[in-house]
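1. The following block contains a protein sequence and its predicted model.
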Amino acid sequence: MDELLALLERYSPGYADQIQGASAWNLRKLKESFGQPLPEFYQEFADVMGKDGGPLLAHVQSYDPYDVTELYEVAWRELPPRRFLFVFGDPSIDAQHYWLDLETPTEDEEYRVFRFAFGKEEWKKHRSPLYMSLREMLFVWAMSNVCLPTFPHRAAYYSRLGRMPPGELLDAEDVARIFERLRFVRLPYPQRCLLFERDDAAIELYRSPDEPGFSFRVGMRNPEELRRFQAIMEDIKGLAKE
């Protein structure tokens, strides 16, 4: 969590003063209601911003362990098997919530994030994970929701898989090397999704854990620099602007 807070503070000084962690009592109650140990990083997250995560989590709800405990105690008939831990509520119309699948550990001993609605059988309809871990998702959200909005000039791109021959599929690592030649520095974490910083710009690149293709968003302070960046991207085979 220290590295995540450091990233947030670089773009929103004083961010740590906007957040509030959950109480140890609420975490104990959640563990009792859920019926098994809580993942280590989930507990770290809850300790730091489980009650209020600030702008990073402005687009989700019901992540306070007190609310999650109530969910498991009151709405248990609508919940998936206890291999899934509810993490964030989605307030949108389709209400696809965020869950950790405790039966899909990664090499880092974290757990993949899935997204599906309430209902005992809903989890069976969504077998492709959204992120490799809760930690990775929070880093990507930090760049998307807090860092990139500080730049006045932005653009977004995606890889055009359907229009590329299999042998010519664009690789995210190749694009990452282009970013680095443009003086962007790749952050050491995450490693599936990728984040980049430069004095005057930042990039967030998303990759699904088990599907090909990627998308990325860039933010810059100078419009001329963004136009120069876009001209370079337009010359890369297989990229399309959103």
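-> Cool, got the structure.

2. only C-alpha atoms for contact and neighbour calcs from this point on.
-> Fine.

3. Now do the contacts for the residue nearest in space to the middle of the chain.
-> With distances taken as C-alpha atoms, centre = their mean, residue 137 lies nearest the centre of the chain, 2.2 Å away. By C-alpha atoms under 8 Å, 6 or more residues apart in numbering, the contact set of residue 137 is residue 131.

4. Sticking with it, tell me its helix or strand.
-> In this structure, residue 137 sits in helix 134-141 according to DSSP states H and E.

5. before we move on, what about residue 103?
-> Residue 103 belongs to strand 97-105, assigned by DSSP H and E.

6. what angle do that strand and helix 134-141 make?
-> 140 degrees (axes from the mean of the first three to the mean of the last three C-alpha atoms, to 10 degrees).

7. Tell me the strands beside strand 97-105, with direction?
-> strand 84-88 (antiparallel), strand 111-116 (antiparallel) (DSSP bridges).

8. Quick one: mean pLDDT for that strand?
-> Strand 97-105 comes out with an average pLDDT of 93.

9. ok, which stretches of this protein are strands?
-> 84-88, 97-105, 111-116, 153-159, 185-186, 194-198, 201-206, 215-220, 239-241 (DSSP state E).

10. Which of these sits closest to residue 7?
-> With C-alpha to C-alpha as the criterion, residue 7 lies closest to strand 194-198 of the strands of the chain, at 10.3 Å.

11. Remind me what that closest one packs against, helices and strands.
-> Judged by 3 or more C-alpha pairs under 8 Å, 6 or more residues apart in numbering; DSSP states H and E, the packing partners of strand 194-198 are strand 185-186, strand 201-206.
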